[in-house]
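# quick one, fold the following:
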Amino acid sequence: MIRLCDIVFSLFGLLFLSPLFLIVALWIVIDDPGPVFYRQQRVGKDGKDFGLLKFRSMRIGADQMSLITIGDRDPRVTRAGYYLRKLKIDELPQLWNVLVGDMSLVGPRPEVRRYVDLYTPEQRQVLSVRPGITDYASIEYIDENRLLAASKDPDRTYIEQIMPAKIALNMRYINHRTIGEYMRIILLTITKIIR
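Residues are numbered from 1 along each chain as shown. This next block holds a predicted model:
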């Protein structure tokens, strides 16, 4: 049932949002010439890699410097990218990942291989389900960039504090994975973004 909802919602979302996609694409190219989309290798269900799709919000080659974004005004983020990230619009192309089956609308946010390699055997349970666009951790840590900006060692803070806390929240959904919980997380996410 969850997979059926993923297909219906993602297909409807891609069709309904296509005019917005066109506007965003033009804004990105005018602001910082280059590709409209950014694809990054992430780890999905059963530990398999896939290409996560986003609207490009950073300067070309910025991901070679660091894998995490620090603060609201990370100098690698473009002007358009700042607003796309703030409103979570940069994540919308992942509806395609949902449609093709790499992701679900709801599930643990997929990590890069570097961080997944640090998971304990217990933490690897998050790889037993499709990763998602949103989950309890995404809602709780919507201002993650600010937390990292306040840290003297952002990478260490992420690995030792934020990542374990997010995985614990992921398990809350995984252990109670129902269509009701799925819908609840979608509604909570929309409410949080609007606020």
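# list the buried residues for the one helix or strand in the chain whose mean pLDDT sits lowest?
Ranked by mean pLDDT, DSSP states H and E, the weakest helix or strand in the chain is helix 144-149, scoring a mean of 80. Using 16 or more other C-beta atoms under 10 Å as the test for burial, helix 144-149 gives E144, N145, L147, L148. Glycine gets a C-beta too; all of them are placed from N, C-alpha and C.
# can you name the residues bridging to Q41?
Counting by DSSP bridges, Q41 forms beta bridges with G51.
# what's around it, how many residues?
Look at Q41: counted by other C-beta atoms under 10 Å, it has 12 neighbours.
# just the helices in this structure please.
For the chain, the helices defined by DSSP state H cover 2-16, 18-31, 79-86, 94-100, 113-116, 136-140, 144-149, 154-157, 163-174, 179-194.
# out of those, flag the one nearest F50.
With respect to F50, and counting by C-beta to C-beta, the nearest of the helices of the chain is helix 94-100 at 7.1 Å.
# please look at S128 and K45 and confirm they touch.
Yes. Contact criterion C-beta atoms under 8 Å: S128 and K45 qualify, at 7.3 Å.
# okay, those two: which has more neighbours?
K45 (19 against 11).
# can you get me a residue count around the closest residue to the more buried one other than its chain neighbours?
Closest residue to K45 apart from its sequence neighbours, by C-beta to C-beta, 6 or more residues apart in numbering: R130 at 4.9 Å. Counted with other C-beta under 10 Å, the neighbours of R130 add up to 22.
# residues in contact with R130?
G44, K45, G101, D102, M103, S104, G107 (C-beta atoms under 8 Å, 6 or more residues apart in numbering).
# now it, what are its backbone angles?
phi -60, psi 140 (degrees, to the nearest 10).
# swap in the one 5 residues further on?
As for D135, its main-chain torsions (degrees, to the nearest 10) stand at phi -170, psi -180.
# repeat that for P33.
phi -50, psi 140.
# residues near it, how many?
Neighbour tally, P33, other C-beta under 10 Å: 8.
# now swap in T189 and tell me
21.
# kindly report the same for R114.
11.
# ok, the one 5 residues further on next?
Y119 is surrounded by 18 other residues when neighbours are defined as other C-beta under 10 Å.
# what sits against it?
So, once contact is read as C-beta under 8 Å, 6+ apart, Y119 ends up touching V126, L127, I167.
# where does it land on pLDDT?
The confidence metric pLDDT takes the value 96 at Y119.
# also the one 5 residues further on?
Reading off the per-residue confidence, R124 sits at a pLDDT of 95.
# in contact with it, which residues?
Per C-beta under 8 Å, 6+ apart, neighbours of R124: G47, V116.
# look up how far E144 lies from it.
Counting by C-beta to C-beta, to the nearest Å, the separation of R124 from E144 is 22 Å.
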